[in-house]
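**Student:** need a 3D model of the following:
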Amino acid sequence: MVKSIKRFVLIFLILFAVCGSRQEPEGSSTTSIKDFTLNSLDGETYTLSELKGKVVLVDFWATWCPPCRYSIPHLIGLYAKYKDNDFIVLGISTEDKSTLDAYRNEIQIPYPILLGNNDVMKDYGIRAIPTMVIINKQGKISKKQVGFSPELASVFDSFIDSLVNE
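**Tutor:** Numbering: from 1, shown residues only. Next up, the predicted model:
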């Protein structure tokens, strides 16, 4: 049992090191979005361009990814805090619907989980997960964050707060 836990911790640390936790260069901010239309687990259709006027945090993630799983409680907190202030979180994963639905129900994720595809992943240059793309009310990318660590929690809070209150 102890060996299994040590092995899991080692794998987690390796994955975190490989996925990293880095921000995209500042030059990538305020770039135009690539529009997409995706269905949610609940059968609703979301078109990104129709969310203009809201701050949108798009989280590219997977249920098998430890840093992704670690970031979700923080995203749930951000969603709860700002959902009534023109803010939305969209979780996008390419995993099958039943896996995503089971995980959403287990963790009680309140924000929409969208069924992604390779085209959307390619359009947003997703090479590692989690990757979070934050889009301002004008429909421009304000920040792209690859990876997640506890140190980023306060940075995300401040950044979302500033965009919501623009």
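**Student:** residues in contact with the residue sitting nearest the centre point of the chain?
**Tutor:** Nearest to the geometric centre of the chain sits Asp59, at 1.4 Å (CA atoms, centre = their mean). Neighbour list for Asp59: Cys68, Ser71, Leu75, Val89, Leu90, Gly91, Ile92, Pro130, Thr131, Met132 [criterion: CB atoms under 8 Å, 6 or more residues apart in numbering]. Where you see a C-beta, it was placed from the backbone N, CA and C, and this is true even at glycine.
**Student:** and the helices in the protein?
**Tutor:** Assigned by DSSP state H, the helices in the chain fall at 2-19, 66-82, 97-107, 118-123, 152-164.
**Student:** so which of those helices is the most packed in?
**Tutor:** helix 66-82 (a mean of 18; mean count of other CB atoms under 10 Å).
**Student:** just the CA trace of that one, in CSV.
**Tutor:** The C-alpha trace of helix 66-82 is given here as CSV (Å, rounded to 0.1, in the frame of the first residue of the first chain):
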residue,chain,number,x,y,z
PRO,A,66,-3.8,15.1,-11.7
PRO,A,67,-3.1,18.8,-12.2
CYS,A,68,-6.5,19.2,-14.0
ARG,A,69,-8.2,17.5,-11.1
TYR,A,70,-6.4,19.7,-8.6
SER,A,71,-7.5,22.9,-10.4
ILE,A,72,-11.2,22.0,-10.6
PRO,A,73,-12.1,23.0,-7.0
HIS,A,74,-10.5,26.4,-7.6
LEU,A,75,-12.5,26.8,-10.8
ILE,A,76,-15.7,25.8,-9.0
GLY,A,77,-14.9,28.5,-6.4
LEU,A,78,-14.3,31.1,-9.1
TYR,A,79,-17.5,30.2,-10.9
ALA,A,80,-19.5,30.4,-7.7
LYS,A,81,-18.0,33.8,-6.8
TYR,A,82,-18.5,35.5,-10.2
